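> Need coordinates for the following:
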Amino acid sequence: MRFLRLTVICFLLGILAATAPLALQSRGIALPLPFIGGLDLDRFGPPVSQRSAATAPVVRKLRESSTADMTSWTRPTRYSPDPTQGTRYKTESGVVWWGTGPRTGSPRPVIVLMHGAGRTGHSMVDMWYETAQAENLILVAPNFDRVPGWSEGLPDIRAALAALAQAQTIHPIDPNQIFLFGHSRGGIAAQLWANRFDGPWRALAVHGGTLPAQLARPVDEGIPIRHYLGSVDHIFPYGPGRDSAAALARAGHPFDLVRLELHTHWFYDIGEDIAAHAWTWFANLPDETL
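Alright, predicted model coming up:
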């Protein structure tokens, strides 16, 4: 009888292992390696340069905290961004992006925003709009669904750089204060970008997007990362999120893991609060980070 129980348990675990990636894909989550496809970073090529792996990275501190101040118990509902918030642009290379911010005055910080599956950059501008208005920030949010790379599980970093380059002709961007924020699949990609590519961003924050721990590569002078993760996120469980945070800290990234008590994966009820919280963190990073 005991043997039969073990056999049944092993069989069920095998089914779970086989079907979990497909279940997540059905929810719009394109998982990076090792789950599907390959991680061909060389395809991005110039002008993007990959970071060299460090032979002896400095292990950074992992800080873990929790809060219930940004918890929403609302079940996911239909969401559409406010059409009055943000302006749509298109680069000569065809990259569509959404943005807002001052057009004159002294150079201001910019937040490059990466949306989740099935969304557009407009949704991220919508979530960050109030904070941008209050703090006089510039927002740049590409539509990754319409450029090569997103369907393969990893957004094309060249699209973000193209949008940022055009934004610099419209807004007074401070090149020393460029930050990155991503949600869900955009958060996974943002962490991979920060770990693998030389980019202009000085720090990164994400909501509900766990980079598989085995993808963290040791680097010199890794940029700070903060991850806002729900304690009951049904797509990215908290345990693997902690493992990922620890791996990135060992790889050389100072890492803050913020546990959102009883929060799920749904971003659009508390996105504005997370944006304000993330900006406070960005703005108060040590001077050596900036």
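
> residues contacting the nearest residue to D273 once chain neighbours are set aside?
With sequence-adjacent residues excluded and distances taken as C-beta to C-beta, 6 or more residues apart in numbering, D273 is closest to M70, at 4.7 Å. From N, CA and C alone the C-beta is placed, and that goes for glycine too. If a contact means C-beta atoms under 8 Å, 6 or more residues apart in numbering, then M70 has Y228, L260, H263, I270, D273, I274, H277 as its contacts.

> 6 Å - rerun?
Neighbouring residues of M70 by C-beta atoms under 6 Å, 6 or more residues apart in numbering: L260, I270, D273.

> What about the residues you listed, which are in strands?
Members of those lying in strands (criterion: DSSP state E): L260.

> Dump the contacts of M70 into CSV; add distance to G241, pLDDT and neighbour count as well.
Below are the contacts of M70 laid out as CSV (distance: C-beta to C-beta, whole Å; pLDDT from 0 to 100; neighbours: other C-beta atoms under 10 Å):
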residue, distance to G241, pLDDT, neighbour count
L260, 11, 96, 25
I270, 17, 93, 21
D273, 19, 96, 18
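
> Counting by contacts, list what the biggest strand by length in the chain packs against.
Counting residues, the longest strand found in the chain (DSSP E) is strand 173-183. For strand 173-183, the contact count by 3 or more C-beta pairs under 6 Å, 6 or more residues apart in numbering; DSSP states H and E identifies strand 108-114, strand 203-207 as packing neighbours.

> What strands line up against the helix or strand just after the last one, and which way round?
Just to be clear, that refers to strand 203-207. For strand 203-207, the following helix or strand on the C-terminal side (DSSP states H and E) is strand 225-230. As defined by DSSP bridges, the strand partners of strand 225-230 come to strand 203-207 (parallel), strand 255-260 (parallel).

> In TSV: the ones you listed, plus distance to D287.
As requested, the strands paired with strand 225-230 are exported to TSV (distance: least, C-beta to C-beta, whole Å):
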stretch	distance to D287
strand 203-207	12
strand 255-260	18
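
> mind pulling up the phi and psi values for the spatially most central residue of the chain?
Centroid-nearest residue in the chain, with C-alpha atoms, centre = their mean: G187, separated by 1.8 Å. Note on G187: backbone dihedrals following degrees, to the nearest 10 are phi -70, psi -40.

> Distance-wise, check it relative to G86.
Here the criterion is C-beta to C-beta, to the nearest Å. By it, G187 lies 20 Å from G86.

> Number of residues surrounding R78?
5 (other C-beta atoms under 10 Å).

> so what's it scoring on pLDDT?
Confidence at R78, expressed as pLDDT, is 79.

> SS state for it?
Assigned state for R78: coil (three-state reduction, DSSP: H, G, I helix; E, B strand; the rest coil).

> circling back: okay, the contacts of M70 in a markdown table with distance to V140 next?
Shown next, in a markdown table, are those (distance: C-beta to C-beta, whole Å):
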| residue | distance to V140 |
| --- | --- |
| L260 | 26 |
| I270 | 22 |
| D273 | 21 |
